[in-house]
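Chemist: Have a look at this prediction, sequence included:
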Amino acid sequence: MGDSPHYDVVIIGSGAGGGTLAHRLAPSGKRVLVLERGDYLPRERDNWDSTAVFVKGKYRAPEFWLDKHGNAFPPEVNYYVGGNTKFYGAALFRLRPEDFGELRHHDGLSPAWPIRYEDLEPYYTQAEHLYLVHGRHGEDPWEGAYSAQYAYPPVEHEPRIQQLSDDLEKRGLHPFHLPIGVDLVQDENGRATHSSVCIRCDRVDGFPCLVRAKSDAQVICVEPALRHPNVEMITNARVVRLETDPTGRSVSGVLTRSEDGEETSYSADIVVVACGAVNSAALLLASANDRHPRGLANSSDVVGRHYMRHNNVALMAISKEPNTTRFQKTLALHDWYLGADDWDYPLGGIQMLGKSDADQIHGEAPRWAGAVAPDMPFEVLAHHAVDFWLCGEDLPLPDSRVTVDGDGTIRLALDEQNNVAGLKRLRHKLQGMLGHLGMQEHKLLSHSIYLHKGMPIGATAHQAGTVRFGDDPATSALDVNCKAHDLDNLYVVDTSFFPSIGAVNPSLTAIANALRVGDHLVERLG
C-alpha cells in the first residue's frame, strides 16, 4: 500500500457537490485533494451522437446494481471528472420556499428541512452567477424571494416555443423562461453571437457538451480550482473504504483502489464525501467497523434510507405545425406545483426537454408499436415533436434504501408507486390542453429514452436522500453544516443530505449547499 501526504481537506467526488466545494476552498490556500473514481470524459464526435449516448449508453458506467428482488439493472450513472453534471440538462432551479417546510402530499408528508429558504438564498444567488445561469427572476409567481437578478438574460424562445408560451398565457397560465446554465451570448434576435461559446444547438439535454458551453462542474469549478497550486486531483482513484482512529470519532484514512488493484491511503483534517446519493451511502455503509458496526455516521440507522429520485415522465406531443426548434429547453410552468383548483396536493412542474431527433425516436420504436401512425416516418415524427418533462415529488420512505452486499454489490430498494397521483394529474392537465396548444389532441407518447428505457429504478439522474441532515442525531446522519453527528471531521455535500426533494431538478440546491458548507469549512480551518 502506498502512502501519501497529509491534506487539509480530501474531497471524494468532483460533481455538483464536490467540484463546487473544491472551487470554494481553492482561494483559501488550504491544501485540498480531490479524488475522482473516473477519468476525464473523452472529447469525441460520439459526445453528440444520439445512438451512442442514449440508445447504446456508451458513457454509462459499466456496472449493475440489484433491485429489492435481486434483479440486476444498469443505473444511470457516469463516472467522469464533473460527475453526472457532464450529462445533466443544466436546468438549475431553486427549490420553492414551501419545499423547506413540512408539505402535505396525497400519500403523506414531505418533511421540513433544518434550514429555511432564507438561509440558502444568498448561496442560490452565488450558485446562479457561478454556473452562468440564464433566466429572469420575477416571471414565475411561485418562486421565492431573490437578492439579485440572474447575471445573464434568459435563453430566448425559438418561434414554436414562443407560440407555446403565448398559448399558455392565453389560458391564464404563467409560463416562464427555464433557468439554464450555458455559456451563451445572444444577439438582438436571440441567436448565438460569433463569440459565444454556446451555439444554441439541439444537443443541450443529456449529452456532454463537445464545445464546453454547458455549465458542468468540470468546466465551471474543477478546472479553475486546479489552477491554484494548493489544489490537486487524482483520477481513476476509487475510494473503497474510510478508516477511523481508535476512538471512532475521526476519519484517519481514505483508502483508494486503482483499476490494477493498487491501494493507497490518504489522510486529511477534513474528509468530504460527495459521490452521489447512492454511492456516498454505499461508501459509509461499507466502512463499518467495531466503533461503527452499522456504517459510518449511522448510529441513527438512516444512512442509505429515504432514497428519492423524483416521479418523472418524459412525454412527446405531436405539433400540428412542424417544430423547427433546435434549442428547445427554454420554457417551464409551475402553476400546479403546490396544488390545483381540483386537487389539494402538489402536482409538480412542467418543463421542456431537449429536442427529439429521429435516432432517439427510432430507439423507442419497439415501445411505440401501434402508437405511431404508419404514414408518419420517424423523421417526420421528429420534425413535429414537442418534448416535455413532468416532474413530481416522491416522498422519503425509510424502506426506499441503499444497502451493500458483502461483495460490495449495491442494492437499491424503491417503491415505484410512491406518491404518483399528483404526477398522473399533471399529465392529465397537459394532455387536456394539447388541442389548445396547436398539437394533436390526446397524442402524448412516453419518451422513455430519457428515463432509462422505462425502468424507473434505473433512472438515477435525480438521486437524493440517503444521508439526510437534521437537528436530531436520532433521526438524521448529518448536522446543519452537513457534518456527521457521529464523527468530528466527516462531511457529506452531494444531494445525499436532502431530507426531501421538492419537484425541481436538485443540482442548483446541491451547488448552493456546497458553497454554504465551503464557507463553514474555511472558517473552521482558520
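Modeler: Looks like it arrived, so ask away.
Chemist: switch to C-alpha atoms for all contacts and neighbour counts from now on
Modeler: OK.
Chemist: Run through the stretch 401-526 of the chain and note the low-pLDDT ranges.
Modeler: 448-456 (pLDDT under 70).
Chemist: What segments of it are helices?
Modeler: 421-433, 507-525 (DSSP state H, counting those that start in this stretch).
Chemist: So for Val10, which of these sits nearest?
Modeler: Nearest to Val10, of all the helices of the stretch 401-526 of the chain, is helix 507-525, at 12.0 Å by C-alpha to C-alpha.
Chemist: List the buried residues of that closest one.
Modeler: Using 16 or more other C-alpha atoms under 10 Å as the test for burial, helix 507-525 gives 507-518, 521-522.
Chemist: Dump these into a markdown table; add distance to Cys275 as well.
Modeler: Putting these into a markdown table (distance: C-alpha to C-alpha, whole Å) gives the following:
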| residue | distance to Cys275 |
| --- | --- |
| Ser507 | 14 |
| Leu508 | 16 |
| Thr509 | 16 |
| Ala510 | 12 |
| Ile511 | 14 |
| Ala512 | 17 |
| Asn513 | 15 |
| Ala514 | 13 |
| Leu515 | 17 |
| Arg516 | 18 |
| Val517 | 16 |
| Gly518 | 17 |
| Leu521 | 19 |
| Val522 | 21 |
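Chemist: So of these, which two are at opposite extremes in space?
Modeler: Across the buried residues of helix 507-525, the longest distance by C-alpha to C-alpha is 22.5 Å; it joins Ser507 and Val522.
Chemist: can you put the helices of the stretch 401-526 of the chain in TSV and add distance to Pro27?
Modeler: Shown next, in TSV, are those (distance: least, C-alpha to C-alpha, whole Å):
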stretch	distance to Pro27
helix 421-433	44
helix 507-525	10
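Chemist: Between those helices, which one is closest to Gly295.
Modeler: Nearest to Gly295, of all the helices of the stretch 401-526 of the chain, is helix 507-525, at 22.9 Å by C-alpha to C-alpha.
Chemist: Please name the residues that touch the closest residue to Ile199 other than its chain neighbours.
Modeler: Using C-alpha to C-alpha, 6 or more residues apart in numbering and skipping residues adjacent in sequence, the residue nearest Ile199 is Ala192, 5.5 Å away. Going by C-alpha atoms under 8 Å, 6 or more residues apart in numbering, Ala192 touches 184-186, 198-200.
Chemist: contacting residues for Arg294?
Modeler: With C-alpha under 8 Å, 6+ apart, Arg294 has these contacts: 285, 288, 301.
Chemist: Contacts only, for the nearest residue to Leu92 once chain neighbours are set aside.
Modeler: Closest residue in space to Leu92, ignoring its immediate chain neighbours: Leu508 at 5.1 Å, by C-alpha to C-alpha, 6+ apart. Neighbour list for Leu508: 92-94, 124, 127-128 [criterion: C-alpha under 8 Å, 6+ apart].
Chemist: For these, which single residue is the most surrounded?
Modeler: Within those, neighbour counts (other C-alpha atoms under 10 Å) peak at Tyr124, which reaches 28 neighbours.
Chemist: how about it, secondary structure?
Modeler: Following DSSP: H, G, I helix; E, B strand; the rest coil, we place Tyr124 in the helix state.
Chemist: what's the spacing between the nearest residue to it once chain neighbours are set aside and Ala237?
Modeler: Once flanking residues are discounted, Tyr124 sits nearest to Ala512: 5.1 Å by C-alpha to C-alpha, 6+ apart. As judged by C-alpha to C-alpha, to the nearest Å, Ala512 and Ala237 stand 26 Å apart.
Chemist: Equivalent analysis for Asp471, please.
Modeler: For Asp471 relative to Ala237 (C-alpha to C-alpha), the value is 33 Å.
Chemist: For this structure, which segments count as helices?
Modeler: Ranges of helices in the chain, per DSSP state H, are 18-25, 50, 117-130, 159-170, 217, 223-226, 277-286, 358-364, 378-384, 421-433, 507-525.
Chemist: which one of those lies closest to Asp415?
Modeler: Closest among those, using C-alpha to C-alpha: helix 421-433, at 13.6 Å.
Chemist: Give the other helices and strands that the closest one contacts.
Modeler: strand 385-392, strand 439-446 (3 or more C-alpha pairs under 8 Å, 6 or more residues apart in numbering; DSSP states H and E).
Chemist: Quick check: which helices or strands does the first one pack against?
Modeler: Other elements packing on strand 385-392 under the criterion 3+ C-alpha pairs under 8 Å, 6+ apart are strand 311-319, strand 349-352, helix 421-433.
Chemist: Now tabulate these in CSV and tack on distance to Gly408.
Modeler: Listed next are the helices and strands packed on strand 385-392 as CSV, based on distance: least, C-alpha to C-alpha, whole Å:
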stretch, distance to Gly408
strand 311-319, 28
strand 349-352, 37
helix 421-433, 35
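Chemist: closest one to Ala385 among those?
Modeler: Of these, nearest to Ala385 by C-alpha to C-alpha is strand 311-319, at 4.9 Å.
Chemist: Which residues outside the lowest-mean-pLDDT helix or strand in the chain are in contact with it?
Modeler: Least confident helix or strand, the chain: helix 358-364 with a mean of 72, by mean pLDDT, DSSP states H and E. Contact partners of helix 358-364, identified using C-alpha under 8 Å, 6+ apart, comprise 50-51, 54-55, 378-379, 381-382, 447-449.
Chemist: from these, which single one is nearest Ser280?
Modeler: Nearest to Ser280 among those, with distances taken as C-alpha to C-alpha, is Phe54, at 25.7 Å.
Chemist: top strand in the protein by residue count?
Modeler: Counting residues, the longest strand found in the chain (DSSP state E) is strand 263-273.
Chemist: Hey, what's the angle from that strand to helix 277-286? Just curious.
Modeler: Calculated by axes from the mean of the first three to the mean of the last three C-alpha atoms, to 10 degrees, strand 263-273 forms an angle of 120 degrees with helix 277-286.
Chemist: What number of residues are in the vicinity of Ala22?
Modeler: Neighbours of Ala22 under the rule other C-alpha under 10 Å: 31.
Chemist: when you give positions from now on, start the count at 6
Modeler: Will do, 6 is the new start, and the previous item becomes Ala27.
Chemist: In this structure it contacts Val39, no?
Modeler: Yes - contact criterion C-alpha atoms under 8 Å: Ala27 and Val39 qualify, at 7.4 Å.
Chemist: Name the residues contacting each of the two.
Modeler: The contact sets of Ala27 and Val39 overlap at 16, 236 (C-alpha under 8 Å, 6+ apart).
Chemist: separation between the closest residue in space to Glu264 that isn't next to it in sequence and Tyr64?
Modeler: Excluding its sequence neighbours, the residue lying closest to Glu264 (C-alpha to C-alpha, 6+ apart) is Asn241, at 7.2 Å. To Tyr64, Asn241 is 15 Å away according to C-alpha to C-alpha.
Chemist: Of the two, which one has the most company?
Modeler: Per other C-alpha under 10 Å, whichever of Asn241 and Tyr64 has more neighbours is Tyr64, with 21 against 18.
Chemist: hey, where'd the strands end up in the stretch 156-305 of the chain?
Modeler: With DSSP state E, counting those that start in this stretch as the criterion, the stretch 156-305 of the chain has strands at 181-182, 185-186, 236-239, 243-249, 256-262, 268-278.
Chemist: Next one: Ala515 relative to Glu326, how far apart?
Modeler: 39 Å.
Chemist: Check Gly440 too.
Modeler: Distance, Gly440 to Glu326, by C-alpha to C-alpha: 12 Å.
Chemist: sorry, back to before: out of the buried residues of helix 512-530, who's nearest Val318?
Modeler: Val318 lies nearest to Ser512 out of the buried residues of helix 512-530, by C-alpha to C-alpha, at 18.5 Å.
Chemist: quick revisit: among the contacts of Leu513, which one sits closest to Asp13?
Modeler: Nearest member of these to Asp13, counting by C-alpha to C-alpha, is Ala132, at 24.1 Å.
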